[in-house]
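Chemist: One predicted model, sequence on top.
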Amino acid sequence: MSEENKTETMEEVDNNILENKKVKNLTSLVILLTGLFVGSLFVDFSQLIKGGGISQKVLNNKDVFQLDGKTWVAYPEPMIDVTVINDDNCEECNVDEIMLSLRKVMPTMLSNKVDYSSEEGKKMIEEFGIKSLPAFVFGKEVEDTELFGQAQAIFVEKNGKYFMDSAKAGLPVGKYLQTPVIGENAIKFGPDDAKVKLVEYSDFQCPYCQLFQKTVSEVVKEYGDKVQFVFKNLPLESIHPRAKAAAMAAECANEQGKFMEYGDKLFANQKIWGDPKQTDNRMFTSYATQLRMDVSKFNQCLTDEKYKDKIENDLKEATEFGISGTPAIFVNDKFKNGAVSAEELKALLDQELGINNEGGNSQTIEAPEVAPEVK
C-alpha cells in the first residue's frame, strides 16, 4: 500500500473517532439537560412527551401553584358532576346565585345544563319525580363531600345518582312542573273540567288564612264555573296546636255538605276554640249543632279520626312542594305565598283564562299582600 493511501486511511479513522465522540457528548448533554429539566420544572419529561402536562409528583407536594397566568388550588374533595335541569325561557329559574352558594361548599363542582323539554331532561324528571325547576342531580362522588356528610337528608339516591330535594334544601322554586293532586275525596267547588284550578293550602288557626278566606270566597263566587276551588289542609301544629283538630272537624262537616259554613264558623271563632285551655271537641260539636248537622254522625267522625290519613296526605304533599307557610295557593301551575289581594288573585285567574284586563275600570282597593304564617 502506498504512503498516500495509508495517510488517507488514517484520516478516515480519525474522523470516525471524532464523530463517535460527538454523538456520545450529545447523548450525555441530552441526559444531563433532561435531568435538570425534570428536577427544576413542574413538568416530567415523560409526561411532556405524552402531552400529560403537570407532574403528579409536584402536585402531591403543592396546594397552590400558578401556570399560564392562572392560580390553581388543591382541594381534598373529588370533582363533583352536577346536572342542572332547567328552562331557559323561565326568568324565575335563573340559577346564578344558587350555583355561587353551592360552589362555596363544593368548590370542585362541575356543572352541565339539560333542558327540561329534551329527551334527557324528560327522562330525569320522570326518574327522580321532579316537581319543580331548577333541579339538581349529582354524581355519586357527592357522597365524599362535607355537604353530604352534614346534610344527607336533602339528597335522594337513585341508580347511583343523587337528586337534591329543593324543598328540603330551601331553594327557591322558579317553575312548577306538577300541580297538587285533586282526588275524588277532595274538598272542591266548581266543575272538574274548569279551565282554572285554584288550590289553597290553609290552616284554620292561622290569622292570615282568616284574612284571606273572605277574599278567596268572594273571588271564586265572582268567577263561577270558570274556576274550580280546592281546599287542602296544612295545619301548622308547631305554632297552632289545635289546627289539626279543627281540620278534622271541617272534613267531618264537609261529609255532610257543610264545609263552607263550618269553615266560616271556625275562622270567625279562632280565639275561642283555639284557646290552649280547649282540649276537647265540645266547641266543634256546638258549631255542628248550630248548622243543624247530624251531630251524632259528626261526633263519631271526630272520634274515629276518619280523615286523619287524608289530612296527613295533604301535609305530605305540601312538604313535597316546598310549602311551609299558610295561606298558599296554586292557580293552575302558578304559585303564590301569603294572603294575596283580591286584585292580584283576579289578575292570576284572568291570565290563566286568557282575559285581557288592560284599561279596565275596576276601582277595588284591597290590602297589600300579607306574608304567610310559617312553621
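Modeler: Everything's here; your move. The structure presented is a predicted model; accordingly, all values stated were derived computationally and were not measured.

Chemist: Over to Val230. Which of the three states is it?
Modeler: Three-state assignment for Val230 (DSSP: H, G, I helix; E, B strand; the rest coil): strand.

Chemist: so it sits right up against Ile182, yeah?
Modeler: Yes - taking CB atoms under 8 Å as the definition, Val230 is a contact partner of Ile182 at 5.4 Å. Placement of C-beta: from N, CA and C, glycine included.

Chemist: Next, show the common contact partners of the two.
Modeler: 188, 197, 199 (CB atoms under 8 Å, 6 or more residues apart in numbering).

Chemist: Just give me the closest of those residues to Phe128.
Modeler: Val199 (23.2 Å; CB to CB).

Chemist: which residues touch that closest one?
Modeler: Per CB under 8 Å, 6+ apart, neighbours of Val199: 179-180, 182, 230, 232, 329-330.

Chemist: Against Phe189, how distant is it?
Modeler: Using CB to CB, to the nearest Å, we find Val199 at a distance of 12 Å from Phe189.

Chemist: I'd guess Ala167 is in a helix, am I close?
Modeler: Yes - checked against three-state DSSP, Ala167 lies within a helix.

Chemist: Would you confirm that it contacts Glu317?
Modeler: No - proximity of Ala167 to Glu317 does not meet the contact threshold set by CB under 8 Å, at 11.1 Å.

Chemist: Need the overlap of contacts for these two.
Modeler: Contacts common to Ala167 and Glu317, judged by CB under 8 Å, 6+ apart, are absent.

Chemist: how about whichever helix or strand Ser286 is part of as CSV, C-alpha atoms only?
Modeler: According to DSSP states H and E, Ser286 maps onto helix 282-290. C-alpha atoms of helix 282-290 as CSV (Å, rounded to 0.1, in the frame of the first residue of the first chain):
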residue,chain,number,x,y,z
ARG,A,282,-117.2,20.5,72.6
MET,A,283,-116.8,23.7,70.7
PHE,A,284,-116.6,21.8,67.4
THR,A,285,-119.7,19.9,68.2
SER,A,286,-121.6,23.2,69.1
TYR,A,287,-120.9,24.6,65.7
ALA,A,288,-122.2,21.4,64.1
THR,A,289,-125.4,21.8,66.2
GLN,A,290,-125.8,25.5,65.1
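
Chemist: Quick one: list the elements packing against that helix.
Modeler: helix 243-255, helix 259-268, helix 270-273, helix 295-303 (3 or more CB pairs under 8 Å, 6 or more residues apart in numbering; DSSP states H and E).

Chemist: ok, of the shared contacts of Val230 and Ile182, which one's closest to Gln150?
Modeler: For these, the nearest to Gln150 is Val199 (34.5 Å; CB to CB).
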